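Participant: attaching a predicted model along with its sequence, questions to come.
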Amino acid sequence: MTAVILTFFAMPLQGVAHASGSGGLAQPFSKGSGMFGVTMGYSQKDLHDAPEAQSRKLFFKGGFGFGGGFDGYAYLGFSDLKYDESSFSGSLGELIGLGMRYGGFLIGEGPARMVIDLQWEYFGSEDGDRKATVDTKHVAAYIVREFGAAGKIGYFYPYAGLRYSDAHYSNDDWRDYDENHNLGFFGGADYFVNPNVFFSGEMHIFDEESISLTAGYRF
């Protein structure tokens, strides 16, 4: 496991990015159920009148269902930050995120449904005595559908939707940046290898080019 993580962070930052969307299990939880898992991802985002921002992230996430279609989740981990065509190349810093979802909008009689996701994320990265912090908020709406029989091996949940994000990059000793494109599209799928263990993948385009991979456990 240690070798996998080190290999991941040694890979070059090019063309892909970490997704800030679902991060595992797009389908809302029933009351009292939830999940925990680990996510790895890459990020690449265009900034307004500024160099491109790139990040690598590793975080642990937990989610819980409150009932009535409402979920809450939180994640904690690490991220770095690099500005393309700039001397700033930051080290891994602390990452924190919080979110709420509502998934009570059935499409017809189901099993497809629409989910609304609200999320906040913050992380910092340092390069010597220089520091940058990134504060991101988003609202996303997506449709998710179950295929296969719940509780069986091999069933999965593909999903896709739109996201509006607002990312602000605060930099010590030089000017701040904002993202160039706020509206984006994302999609992915959660695949269960048994009734509890799952793997997820997610990609974003337009607001950022991104990909993330998650492994987790649903209880």
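Facilitator: Cool, the structure landed. Numbers count the residues shown, from 1 in each chain.
Participant: helix, strand, or coil at Gly187?
Facilitator: strand (DSSP: H, G, I helix; E, B strand; the rest coil).
Participant: roughly how far apart are the closest residue to Asp46 other than its chain neighbours and Asp207?
Facilitator: Using C-beta to C-beta, 6 or more residues apart in numbering and skipping the chain neighbours, the partner closest in space to Asp46 is Asn180 (4.1 Å). (Each C-beta comes from the backbone N, C-alpha and C, glycine too.) Asn180 sits at a distance of 9 Å from Asp207 (criterion: C-beta to C-beta, to the nearest Å).
Participant: now do Thr214
Facilitator: From Thr214 to Asp207 the distance is 20 Å (C-beta to C-beta).
Participant: now Ser87: which helix or strand?
Facilitator: Using DSSP states H and E, Ser87 falls within no helix or strand.
Participant: quick check: phi and psi on it?
Facilitator: phi -80, psi -10 (degrees, to the nearest 10).
Participant: could you report the pLDDT at the residue nearest to His48 when sequence neighbours are not counted?
Facilitator: Leaving out its chain neighbours, the residue that sits closest to His48 by C-beta to C-beta, 6+ apart is Asn180, at 4.6 Å. Here the pLDDT value assigned to Asn180 is 94.
Participant: next, count neighbours for Asn180.
Facilitator: 15 (other C-beta atoms under 10 Å).
Participant: list the contacts for it?
Facilitator: Counting by C-beta atoms under 8 Å, 6 or more residues apart in numbering, Asn180 touches 45-48.
Participant: for the residues you listed, pick the one with the most neighbours.
Facilitator: Lys45 (26 neighbours).
Participant: show me where pLDDT drops low in this structure?
Facilitator: Along the chain, the parts satisfying pLDDT under 70 run over 1-24, 149-153.
Participant: which stretches in it count as helices?
Facilitator: Ranges of helices within the chain are 2-10, based on DSSP state H.
Participant: correct me if wrong: Asp166 contacts Val134.
Facilitator: No: the pair Asp166 and Val134 fails to qualify as a contact (C-beta atoms under 8 Å) at a distance of 11.3 Å.
Participant: those two: who's more crowded?
Facilitator: Val134 (24 against 12).
Participant: separation between that one and Gly108?
Facilitator: From Val134 to Gly108 the distance is 40 Å (C-beta to C-beta).
Participant: can you give me the strands in the protein?
Facilitator: Using DSSP state E, the strands of the chain run over 34-45, 53-67, 70-79, 82-83, 93-106, 113-127, 130-144, 156-171, 177-178, 183-192, 197-205, 209-218.
Participant: in JSON lines, list those strands along with distance to Ala26.
Facilitator: As requested, these are exported to JSON lines (distance: least, C-beta to C-beta, whole Å):
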{"stretch": "strand 34-45", "distance to Ala26": "11"}
{"stretch": "strand 53-67", "distance to Ala26": "11"}
{"stretch": "strand 70-79", "distance to Ala26": "11"}
{"stretch": "strand 82-83", "distance to Ala26": "29"}
{"stretch": "strand 93-106", "distance to Ala26": "9"}
{"stretch": "strand 113-127", "distance to Ala26": "7"}
{"stretch": "strand 130-144", "distance to Ala26": "4"}
{"stretch": "strand 156-171", "distance to Ala26": "4"}
{"stretch": "strand 177-178", "distance to Ala26": "28"}
{"stretch": "strand 183-192", "distance to Ala26": "6"}
{"stretch": "strand 197-205", "distance to Ala26": "8"}
{"stretch": "strand 209-218", "distance to Ala26": "11"}
